[in-house]
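Engineer: Sequence first, then the predicted structure, then my questions.
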Amino acid sequence: MKNKVALVTGAGQGIGRAIAIRLAKDGFGVAVVDYNEQTARQVADEITHHGGRACAIKADVSNRDQVFTAVEQARDLLDGFDVIVNNAGIAPTTLIEAITPEMVDKVYDINVKGVIWGIQAAVQAFRAEGHGGKIINACSQAGHVGNPELAVYSSSKFAVRGLTQTAARDLASSGITVNAYCPGIVKTPMWEKIDREISAAAGQPVGYGTAEFAKRITLGRLSEPEDVAACVSYLAGPDSDYMTGQALLIDGGMVFN
Ligand SMILES: NC(=O)C1=CN([C@@H]2O[C@H](COP(=O)(O)OP(=O)(O)OC[C@H]3O[C@@H](n4cnc5c(N)ncnc54)[C@H](O)[C@@H]3O)[C@@H](O)[C@H]2O)C=CC1
Ligand SMILES: CC(=O)C(C)=O
């Protein structure tokens, strides 16, 4: 039987990198997509070095044409298309009164529209392949509960949760499942930047933001990108075939602690 193919956006570092490596270990051919071509290439090389199948594709998820082209390239280079992981996202911190139109546009173009373009491109590819597939979106605990100083980001992740539920309903009859993963605090460059910004805004040393957010963590430690990748591995694999419209909280306790 033909090996399955997955495309992961924002896979040049952090959670996306861990997902790409995990899905390759699970047997997927993996398209490593990022707007940073160099890091995408490094991750694809790492996968092939360890015996996996991968290609690196440069694309900005806020650009609809680039997303469609990336999906078609992945289909062509890896011979099939079964799973898309719409992982790319950005998270600038801001106080409510400092939110600018430019910031809203930038965050929504990537975090929300990027997911919509990914869903559309994947649906087109699944139909061309003549089968269903799996769409997996990056949400967050911040898509379940408003996070301090992250209003634009948090609201974009609420939107991703809504998109996931709606697309699940609209696409079920085509054999396509749509789910999302909702991490807590994950040790990645994104989180390090958030910590620096929140700590600086409070006039505190680096690490203050992490300590404040960590008070809400149930399991007593920050998560690793590989913890998230394990959840996505389940969502991409056959064991989740009878699951759709879910926004899986990886640390459920964070939203009520
Ligand atoms: N780190 C965390 O604590 C959490 C992260 N998340 C979500 O997980 C996803 C991944 O986050 P991290 O790995 O932490 O972020 P990160 O900032 O460490 O890595 C993001 C990657 O996406 C790429 N990227 C950004 N904008 C892009 C665009 N327009 N087109 C293509 N690639 C683009 C970057 O080049 C980078 O390689 C994001 O959607 C984020 O919102 C959710 C909950 C917690
Ligand atoms: C950045 C993010 O989504 C967090 C901390 O949940």
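Structural biologist: Nice, I can see it. Quantities reported herein were computed from a predicted structural model and do not represent experimental measurements. Numbers count the residues shown, from 1 in each chain. Ligands and ions are numbered 1, 2, ... in the order given.

Engineer: C-alpha only now, for contacts and for neighbours.
Structural biologist: Fine.

Engineer: which residues of the protein fall in helices?
Structural biologist: Listed in chain order, the helices of the chain (DSSP state H) span 14-25, 37-49, 64-78, 101-107, 114-129, 151-171, 189-201, 208-214, 225-236.

Engineer: Make a markdown table from the ones you listed and add mean pLDDT, mean neighbour count and distance to ligand 1 to it.
Structural biologist: Formatted as a markdown table, these follow (pLDDT from 0 to 100; neighbours: other Cα atoms under 10 Å; distance: least, Cα to the nearest ligand atom, whole Å):
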| stretch | mean pLDDT | mean neighbour count | distance to ligand 1 |
| --- | --- | --- | --- |
| helix 14-25 | 98 | 24 | 4 |
| helix 37-49 | 98 | 19 | 7 |
| helix 64-78 | 98 | 19 | 9 |
| helix 101-107 | 98 | 14 | 9 |
| helix 114-129 | 98 | 21 | 7 |
| helix 151-171 | 98 | 21 | 8 |
| helix 189-201 | 95 | 17 | 4 |
| helix 208-214 | 91 | 16 | 10 |
| helix 225-236 | 98 | 20 | 7 |
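
Engineer: so which of those helices comes closest to ligand 2?
Structural biologist: helix 189-201 (6.0 Å; Cα to the nearest ligand atom).

Engineer: packing partners for the closest one?
Structural biologist: With contacts taken as 3 or more Cα pairs under 8 Å, 6 or more residues apart in numbering; DSSP states H and E, helix 189-201 sits against helix 208-214.

Engineer: Could you list every helix and strand that the helix it packs on packs against?
Structural biologist: Here helix 208-214 touches helix 189-201, going by 3+ Cα pairs under 8 Å, 6+ apart.

Engineer: So what's the gap between the helix it packs on and the chain middle?
Structural biologist: In this view, helix 189-201 has its centroid 20 Å away from the chain centroid, taken as Cα atoms, centre = their mean, to the nearest Å.

Engineer: quick one: that helix to helix 14-25, angle?
Structural biologist: Our comparison of helix 189-201 with helix 14-25, counting by axes from the mean of the first three to the mean of the last three Cα atoms, to 10 degrees, yields an angle of 160 degrees.

Engineer: Enumerate every residue touching A168.
Structural biologist: Counting by Cα atoms under 8 Å, 6 or more residues apart in numbering, A168 touches 176-179, 244-245.

Engineer: can you list contacts of stretch 53-64?
Structural biologist: Stretch 53-64 has contacts (Cα under 8 Å, 6+ apart) with 9, 24, 28-37, 40-41, 43-45, 47-48, 66-67, 70, 73-74, 77-78, 88, 109-110, 113-115, 117-118.
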